[in-house]
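Novice: got a sequence here, can you model it:
(one chain, ligands or ions: 1)
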Amino acid sequence: MTTNPPIHIVPSTLSADFSRLGEDCAALETAGADRIQWDVMDGAFVPNITFGPDVIAASRPHTSLPFEVHLMVEGPEALASRYVDAGCELLIVHAEACVHLHRTLEQIHGLGAAAGVALNPSTPATAVAQVLDLTDMVLVMTVNPGFGGQKYIATMEPKIAEVRRMIEESGRHIDLEVDGGIGAGTVAGAAAAGANVFVAGSAVFGHPEGLAAAVAELRSLAEAARAS
Ligand code: DX5
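Specialist: Numbering: from 1, shown residues only. Got it, this is the predicted structure:
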């Protein structure tokens, strides 16, 4: 990797205590997280349902950390403004859910938010080739979306490397995020392949030594893998 983008650790609230989301967001800030990801699911694009915009808005006052929202929904265009109003500054849409992805990314920027594109495991890296000029982050899913606690799909690592090459060839500052099964045993492989932003839910909230230890461990393992 010719560039050296900063390592960001982004816990997902999907593994938080849903009865204490505000408090858990505050705890993630204390623990040293770089920002917080909200996994929004509509029961149609993925077989699960999670957070509406009002739930996120209720947690917004509890932390100063930036919020990103991973919209695992059909037709994210219809909901985008609601999540910006709820306090999310980065909106991630799935290429598979957007008939007009180029227009959707323009819409997100028009709302004053940054735009990310997520790719399911079976979607090729080339799906973002024509929209990198409108993309602030590419999310390579390392599980099939819908649930936390799933097994990391290591065969995504060549795709991570391909997306990193595409980003470098573009000459643009675009983050490369991975999400799904990221933990102490998998973060190094994803980092070595080219990821610089790491989403983790169960590995953070389930860490035996607590949130701060989990965030620090992921960060140091990712940095060490990139340095090697
Ligand atoms: C899947 C979700 C999960 C979540 C992280 O739809 O996107 O990947 O963010 O879950 P863990 O870290 O528990 O695999």
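Novice: pLDDT (mean, whole number) over stretch 58-66?
Specialist: In this model, stretch 58-66 has a mean pLDDT of 98.
Novice: first-to-last residue distance for that stretch?
Specialist: 14 Å (CA to CA, to the nearest Å).
Novice: kindly report the same for stretch 106-118.
Specialist: OK, stretch 106-118 end separation, CA to CA: 16 Å.
Novice: swap in stretch 103-117?
Specialist: End-to-end distance (CA to CA), stretch 103-117: 13 Å.
Novice: quick one: residue 129 from residue 225, how far?
Specialist: In this view, residue 129 and residue 225 are 26 Å apart by CB to CB, to the nearest Å. All C-beta atoms are positioned from the backbone trio N, CA, C, and that covers glycine.
Novice: which of those two has more neighbours?
Specialist: Each of residue 129 and residue 225 has its neighbours counted (other CB atoms under 10 Å); residue 225 has more, 17 against 12.
Novice: what helices or strands is whichever strand or helix holds that one leaning on?
Specialist: Counting by DSSP states H and E, the element that carries residue 225 is helix 211-227. The helices and strands touching helix 211-227, judged by 3 or more CB pairs under 8 Å, 6 or more residues apart in numbering; DSSP states H and E, are strand 8-11, helix 21-30, helix 187-193, strand 197-200, helix 202-205.
Novice: want to throw these into TSV with distance to residue 88?
Specialist: Output for those, formatted as TSV (distance: least, CB to CB, whole Å):
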stretch	distance to residue 88
strand 8-11	13
helix 21-30	13
helix 187-193	24
strand 197-200	14
helix 202-205	19
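Novice: so which of these comes closest to residue 161?
Specialist: Closest approach to residue 161 among the helices and strands packed on helix 211-227 (CB to CB): helix 187-193, 4.8 Å.
Novice: can you pull the residues of this structure lying near the ligand?
Specialist: Selection of the chain residues close to the ligand by CB under 6 Å from any ligand atom yields 12, 14-15, 39, 70, 72, 143, 145-150, 179-182, 199-203.
Novice: out of the helices and strands packed on helix 211-227, deepest packed?
Specialist: strand 197-200 (a mean of 28; mean count of other CB atoms under 10 Å).
Novice: if anything else comes up later, I'll come back, but that's it for now.
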